[in-house]
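> prediction below, plus the sequence it came from.
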Amino acid sequence: MRSFITIIVLFLFSQFAISQGLKDRALTPPMGWNSWNWFGKNDINEKIVIEVIDAMVNEGLRDAGYIYVVVDGGWRDTKLGPNGELLSHPEKFPRGMKALADYAHSKGLKFGLHTVPGTNDCGGDPVGGYRHEEVQVKQFVDWGVDFIKLDKCKYSDGVPDAANPTDSRGWNEEVLKDTYVKWSNLLKKCDREIILSISAYVWRDWYPEVGQMARTTGDIKARVGNPSRTAVFDSLPYQKSVMGISEENNKWAKYAAVGYWNDPDMMVTSEPGLSLEEQKAHFALWSIMSSPLFLGNDPRNMTQDEKDIILNKDGISINQDPTEQGKQVKVEGDSEIWAKKLKNGKVAVLLLNRNKSENKNITLNFVDLGISQKVKIKDVYAKKDIGSFSKSISRQIKPQAGLFMLIDVIK
C-alpha cells in the first residue's frame, strides 16, 4: 500500500514538474525575429537566413535580447516524407534545418520554425502534422529547434461537408484544442526546451495552459514579400492595423503572466507605410502590452531611426518586466492613455493621439494610476528626464503620435 501511494505521489509530482517546466520557458515575453512580415513564403531562403543571423549579431539585436531567429512559411518542401516527416525545400534550403540551427547556436542565438498542426499548410500543400506529431516533434528536437510557431492553417477530415459536398469538413473547436494539446504534451516530455507559439488567430481560454505565447488576433498587415503592400497604423483594413490589433489584444490583458504572453503578431516597425512617429507609438504599445517582441523587418538593412526605436533600452526593459500586461486605461475621443505597472513601483505610460490631422492636449492624472505622491518623469525615446510633477501632466501630442514615458514616485 505504501509503495502504491509512493508511486502515485511521484507520478503527480512529475506531472506538476512537467507543467511547471513548461511555464519556466517564458519567464518574460520572448524576443526575436520572424521572416514572414518582410519576406513572406516565396522570398525566404537559406542565404537570407544566414545573413539575417549575422546582422542580428553585428547590429546589436542579439545583445539587446532579440535571440530567436524564426523561419516562417517557405522552408518546407511541398510534400511529406514516407513516414510523415517534414522535408526542407530542396532548392531554397539545400542543407536542411539542422545546419541553420547549428549556425544560429554558434552565434549565440536560438532557432525557430513555422509548422502547421492540420493536414495542409496555409497555401494548401499537404505538409501538416496531423497524425504525424510524434515524428515531427522528434525531428525538431534532433535539429536543435528552440521555438515552434504552430500555425492553425488548414485541416480537412476527408468527409464531404453536408452544406458544400465539394469541400471536406475543416477545424472544429474540439479537434483544434485536442491537436494543440497533443503538441504541447509532446513538447513537455521531450528532452529539449522548446517554446510553443500558438497561432490560431483569436483568443481561446485554453491558451495559457498549452503554450507560452498565443496569437489573440489575425495577421497584422505587412509587406509579406510584396513591397507595394505596406502596414497601416489606424485605418482600413482596421482589424489588421496596428491600432485595431492593439485594441483586440487589450481585451485579454488579464490572462498574461509569467509563462504565458498574449501575442498581437510580429512588429512592423520598419514598414514604409508607417511614419516615424507611428513606428514609435507601435513599439511603445507592444512594450506596454508585454507582447512578444518579434521583429518583422530586414535586419540587414535598417535605418538609424529604426534601430533607435527597437534597441531602446528602457522600452525593452518595460516590455521584459513580467509584472503584468499593460492596458488601455483611458479613452477620450481620439486621445488615449495606455499604462503598465512595473515591478519596481514605476509605471510606463503612453499618451497617444489617434487623430490623423490635429494636435491633442492629453492630460494624465496620476490618481488614475493609483499614485498620490510627487513623481519624476522620463521621456523614453528622448532618453532624458522631463521634470517632477504633482497630481498630473499635460502634453500636446502630434497627430498619430505618442509620448512614451517612465514615471517614478519620488520617495
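Looks like it came in fine. Numbers count the residues shown, from 1 in each chain.

> any idea of the pLDDT on residue 157?
Per-residue confidence (pLDDT) for residue 157: 83.

> any idea how far residue 136 is from it?
Taking CB to CB, to the nearest Å as the measure, residue 157 and residue 136 are separated by 19 Å. C-betas here are computed from N, CA, C, even on glycine.

> who's more crowded, those two?
The residue with more neighbours, out of residue 157 and residue 136 and counting by other CB atoms under 10 Å, is residue 136; that gives 22 against 15.

> that one: what's its closest spatial neighbour, skipping adjacent residues?
Ranked by CB to CB, 6 or more residues apart in numbering and with sequence neighbours excluded, the top spatial neighbour of residue 136 is residue 129, at 4.8 Å.

> the one you found: what's it in contact with?
Applying CB atoms under 8 Å, 6 or more residues apart in numbering, one finds that residue 129 lies in contact with 84, 115-118, 136, 183.

> what residue spans form the domains of the chain?
Following automatic domain parsing, the chain resolves into domains at 18-320, 327-409.

> pick the most deeply packed of the ones you listed.
Across the domains of the chain, the average number of neighbours (mean count of other CB atoms under 10 Å) peaks for domain 18-320, which reaches a mean of 19.

> chain center to that domain, what's the gap?
Remark: domain 18-320 is offset 7 Å from the chain centroid, using CA atoms, centre = their mean, to the nearest Å.

> does residue 42 touch residue 74 like I think?
Yes: Residue 42 sits in contact with residue 74 when judged by CB atoms under 8 Å, with a separation of 6.5 Å.

> coming back round to it: closest one of the contacts of residue 129 to residue 219?
residue 116 (14.7 Å; CB to CB).

> and the pLDDT for the closest one?
Residue 116 is assigned 98 on the pLDDT scale.

> do the same with residue 160
65.

> what pairs with residue 213 across the strands?
Here residue 213 shows beta-bridge partners residue 197, residue 261, assigned using DSSP bridges.

> span of stretch 286-294 from start to end?
Start and end residues of stretch 286-294 are separated by 10 Å (CA to CA, to the nearest Å).

> just stretch 57-72 next, same as before
End-to-end distance (CA to CA), stretch 57-72: 20 Å.

> run through who's touching it.
Contacts to stretch 57-72, defined as CB under 8 Å, 6+ apart, come from residues 30-36, 41, 44, 49, 52-53, 55-56, 97, 100, 104, 107-114, 146-147, 149, 195, 293-295, 299, 302, 307, 310-311, 313, 316, 320.

> ok, stretch 246-262 next?
For stretch 246-262, the external contacting residues (CB under 8 Å, 6+ apart) are 22-30, 203, 205, 207-208, 211-214, 216-217, 239, 263-264, 285, 289-292, 322, 324-328.

> show me these that map onto strands.
Members of these lying in strands (criterion: DSSP state E): 213-214, 263, 327-328.

> out of these, flag the one nearest to residue 187.
residue 213 (13.3 Å).

> distance to residue 370 and pLDDT for the ones in strands among the contacts of stretch 246-262 - can I get that in JSON lines?
Conversion of these to JSON lines gives the following (distance: CB to CB, whole Å; pLDDT from 0 to 100):
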{"residue": "213", "distance to residue 370": "28", "pLDDT": "98"}
{"residue": "214", "distance to residue 370": "29", "pLDDT": "98"}
{"residue": "263", "distance to residue 370": "28", "pLDDT": "98"}
{"residue": "327", "distance to residue 370": "14", "pLDDT": "98"}
{"residue": "328", "distance to residue 370": "16", "pLDDT": "98"}
